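Undergrad: Just to be clear, the model below is a prediction. Sequence and coordinates:
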Amino acid sequence: MSRLLTPLTRAVTYTRWLHLLVGAIIALVCGAVYPGLTRPGYGQWVLMLLIPVPLLLAAAVIPVVRRAEGLQARLMLFPGAHARVEGGSGPREAGVSVAPSASWRDRGRTAVWLVLRLWAGCAIAFVTGQLMALALELVDAASGGPVEAESLIPVPGHGWAYALLVPVPPLVLLGVVALAGRLMASAALGLLGPSAAERLAALEERTEQLLERNRIARELHDSIGHALTVAVVQAGAARAAADPAFTDRALDAIEETGRAALEDLERVLLVLRESGQPASRRPTLTEADRLLDSARASGAEVDSQVLGALDTVPGPVSREGYRILQEALTNVLRHSGTVPIRVAVTVDDARLWLDVRNPLPAGAPVNGRGSGGSGSGLRGIRERAALLGGRARTGPDEGQWRVHVELPLG
């Protein structure tokens with residue numbers, strides 16, 4: 001029983017009722033002009049249903065009408081903050097588009113919706129009037145007063161027993177309204193729902209958001225991970241050396257690395273907050289010396305070789321190349337410590353090669369997991385290379401751990 005009465009306590013039932021009644025306004029306005037609203041007969045009701053149809057069909061051609069109908073449907077047909085129920089911004093509400101008509105198919109669906117809303121609104125207005133009139137007639141019959149026969153259901157005689165029937169018409173009306181509201185909500189999803197082009201655009205936007213989130217995750221992993229790894233290694237080396245001069249150099253390197261990581265973190269947070277402020281520039285391979293110096297300051301011996309002009313590398317490739325090199329050096333320091341590192345960067349007219357090698361620690365597994373790792377860092381390197389149409393190979397090579405990346409420039 002409580003389940004049957006639940007719709008009566010939900011605000012969305014009454015907003016749907018209002019939505020249906022609003023749909024009948026144009027018919028009532030036209031009917032007031034012709035044929036008139038004074039006790040209209042069945043034929044006049046049919047005219048009131050048909051006369052506004054050409055106007056609605058003409059209105060459906062206007063693109064913004066679909067947007068207006070979609071906004072009304074979202075607000076009044078689906079649960080939300082106004083309905084005192086959870087799930088107001090759920091997938092059903094999102095199934096109603098608020099974009100203007102972009103094709104004749106959209107206009108056709110809008111036209112069907114407008115006509116359906118007109119006829120459903122008139123039907124609910126008629127039922128509302130009849131059942132409310134019947135309730136008033138039952139009140140008159142129960143009180144012994146004259147009964148004015150406004151409804152189609154006659155009330156014979158008088159008597160206090162009719163008072164027991166007074167709540168019946170309003171309850172029946174609310175049940176009809178609840179059912180009609182559900183049907184109109186389902187119709188809105190079908191007729192005002194997104195078109196195939198809108199679904200494709202929404203899917204592309206969602207894909208872009210996921211790609212951006214993955215890119216930001218990689219940025220944070222590479223930048224913050226590198227800074228923390230360098231700081232830990234340098235702090236440990238300074239403590240082991242017990243040399244004030246070495247400790248000063250280590251602290252300077254930690255400070256510089258930490259400052260660079262904070263700049264990267266601030267840039268990423270600006271993107272996430274969408275504050276409208278310009279994000280700081282992302283580092284490129286022309287700043288690779290900063291990474292190499294940071295690794296050297298940690299105590300590692302870094303032998304680097306650069307062939308070709310790094311400033312000719314396109315921006316996206318140069319930025320991703322910087323992150324790949326950063327992650328490769330971080331993996332060496334994290335898993336192998338301050339071992340000798342060989343870095344080779346080669347640029348020609350078509351490709352960029354990055355090659356980072358370091359000795360495998362004694363007793364490391366053949367698969368290299370004890371040296372280079374196999375987690376999100378290496379996966380991030382491969383993902384960055386794949387997004388640019390390149391390839392990355394990571395693993396043991398003649399007693400060394402090797403990261404070899406090849407990126408196209410065009």
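TA: Arrived safely.

Undergrad: Quick check: the gap between the residue nearest the centre of the chain and G70.
TA: With distances taken as Cα atoms, centre = their mean, the residue of the chain nearest its centroid is R206 (6.0 Å). Applying Cβ to Cβ, to the nearest Å, the value for R206 to G70 is 20 Å. The C-beta positions use only the backbone N, C-alpha and C, and glycine is treated the same way.

Undergrad: What ranges does the stretch 101-250 of the chain have for its helices?
TA: 104-143, 168-191, 196-241, 244-273 (DSSP state H, counting those that start in this stretch).

Undergrad: Adding distance to L56 and mean pLDDT, write those out as a markdown table.
TA: As requested, the helices of the stretch 101-250 of the chain are exported to a markdown table (distance: least, Cβ to Cβ, whole Å; pLDDT from 0 to 100):
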| stretch | distance to L56 | mean pLDDT |
| --- | --- | --- |
| helix 104-143 | 4 | 91 |
| helix 168-191 | 13 | 92 |
| helix 196-241 | 23 | 69 |
| helix 244-273 | 45 | 70 |
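
Undergrad: Can you lay out those helices as CSV showing distance to Y14?
TA: Listed next are these as CSV, based on distance: least, Cβ to Cβ, whole Å:
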stretch, distance to Y14
helix 104-143, 12
helix 168-191, 8
helix 196-241, 30
helix 244-273, 39
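
Undergrad: out of those helices, which comes closest to G159?
TA: helix 104-143 (6.9 Å; Cβ to Cβ).

Undergrad: and the closest one, what does it pack onto?
TA: For helix 104-143, the packing partners by 3 or more Cβ pairs under 8 Å, 6 or more residues apart in numbering; DSSP states H and E come out as helix 11-23, helix 25-33, helix 42-50, helix 53-60, helix 63-77, helix 168-191.

Undergrad: Adding mean neighbour count and distance to V302, write those helices out as JSON lines.
TA: Putting the helices and strands packed on helix 104-143 into JSON lines (neighbours: other Cβ atoms under 10 Å; distance: least, Cβ to Cβ, whole Å) gives the following:
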{"stretch": "helix 11-23", "mean neighbour count": "19", "distance to V302": "66"}
{"stretch": "helix 25-33", "mean neighbour count": "16", "distance to V302": "78"}
{"stretch": "helix 42-50", "mean neighbour count": "14", "distance to V302": "84"}
{"stretch": "helix 53-60", "mean neighbour count": "16", "distance to V302": "70"}
{"stretch": "helix 63-77", "mean neighbour count": "19", "distance to V302": "59"}
{"stretch": "helix 168-191", "mean neighbour count": "17", "distance to V302": "61"}
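
Undergrad: can you list these in TSV and add distance to S298?
TA: TSV is the format used below for those (distance: least, Cβ to Cβ, whole Å):
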stretch	distance to S298
helix 11-23	62
helix 25-33	76
helix 42-50	82
helix 53-60	69
helix 63-77	57
helix 168-191	59
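
Undergrad: which one of the ones you listed lies closest to G389?
TA: Of these, nearest to G389 by Cβ to Cβ is helix 63-77, at 39.6 Å.

Undergrad: Of the helices of the stretch 101-250 of the chain, which is nearest Q44?
TA: The nearest among these, by Cβ to Cβ, is helix 104-143 at 12.0 Å.
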